[in-house]
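Chemist: Starting from these lines, generate the structure:
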Amino acid sequence: MISFRGDAHKIYLQLKNASNKGQSYKQMPAIVEIEEIKQFYHSIDSSTLKLIFYRMIKEKNGSGIVPIFVSSIPWFLFMFSNKIQDFLFKDGRFIWLIIFAFLYFFILITSVILHFREKAWAAAHIEIIQDVLKKRNDSDIA
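Modeler: Numbering: from 1, shown residues only. Have a look, this model is predicted:
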């Protein structure tokens, strides 16, 4: 079944499906992956983990190349002006426009999808690192 509700809902459906089948949640690939990340961060000392945390914050807040692509859309539309069309597409060479438009929008859409997936993973790593550091601080106090 196709769902446009996002990964959180897909994980919920997988958990529900596993529950209905009597399977363990800990065997689900999404849960195993997060557990492996968490265990890895537990093996790193706190000072290094803080540096990794700062790098993850930079990664999450970084804008990357996506704004460049998005802000270049007006330049793409500028390609359709009459003077440029006369110069570039004389003698009926519109095949270059079609190729360029396809490649441009393919790269734009792919970049936007990758950008937001990377930000989501950075947020997940940040939360895991914060949990590990908090647990260490709580145990240091006790």
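
Chemist: can you give me the helices for the protein?
Modeler: 7-21, 29-42, 46-61, 66-71, 73-78, 82-88, 95-141 (DSSP state H).

Chemist: Using a markdown table, lay out these together with mean pLDDT and mean neighbour count.
Modeler: From N, CA and C alone the C-beta is placed, and that goes for glycine too. Formatted as a markdown table, the helices of the chain follow (pLDDT from 0 to 100; neighbours: other Cβ atoms under 10 Å):
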| stretch | mean pLDDT | mean neighbour count |
| --- | --- | --- |
| helix 7-21 | 85 | 12 |
| helix 29-42 | 92 | 13 |
| helix 46-61 | 90 | 13 |
| helix 66-71 | 68 | 13 |
| helix 73-78 | 70 | 10 |
| helix 82-88 | 70 | 10 |
| helix 95-141 | 83 | 13 |
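
Chemist: Contacts only, for K21.
Modeler: Residues near K21 by Cβ atoms under 8 Å, 6 or more residues apart in numbering: none.

Chemist: I'd like the distance from it to Q27, if you could.
Modeler: According to Cβ to Cβ, to the nearest Å, K21 and Q27 sit 11 Å apart.

Chemist: any idea how far S111 is from the residue nearest in space to the middle of the chain?
Modeler: The C-alpha lying nearest the average C-alpha coordinate of the chain belongs to R117 (Cα atoms, centre = their mean; 1.2 Å). For R117, the distance to S111 equals 11 Å [Cβ to Cβ].

Chemist: and what of F105?
Modeler: Distance of F105 to S111, given as Cβ to Cβ: 11 Å.

Chemist: cool, and A30?
Modeler: Between A30 and S111 the distance is 25 Å, computed by Cβ to Cβ.

Chemist: pLDDT at the residue in the chain sticking out farthest from the centre, what is it?
Modeler: Distance from the C-alpha centroid of the chain, by Cα atoms, centre = their mean, peaks at D91 (43.0 Å). Looking at D91, its pLDDT reads 73.

Chemist: Perfect, that will be all.
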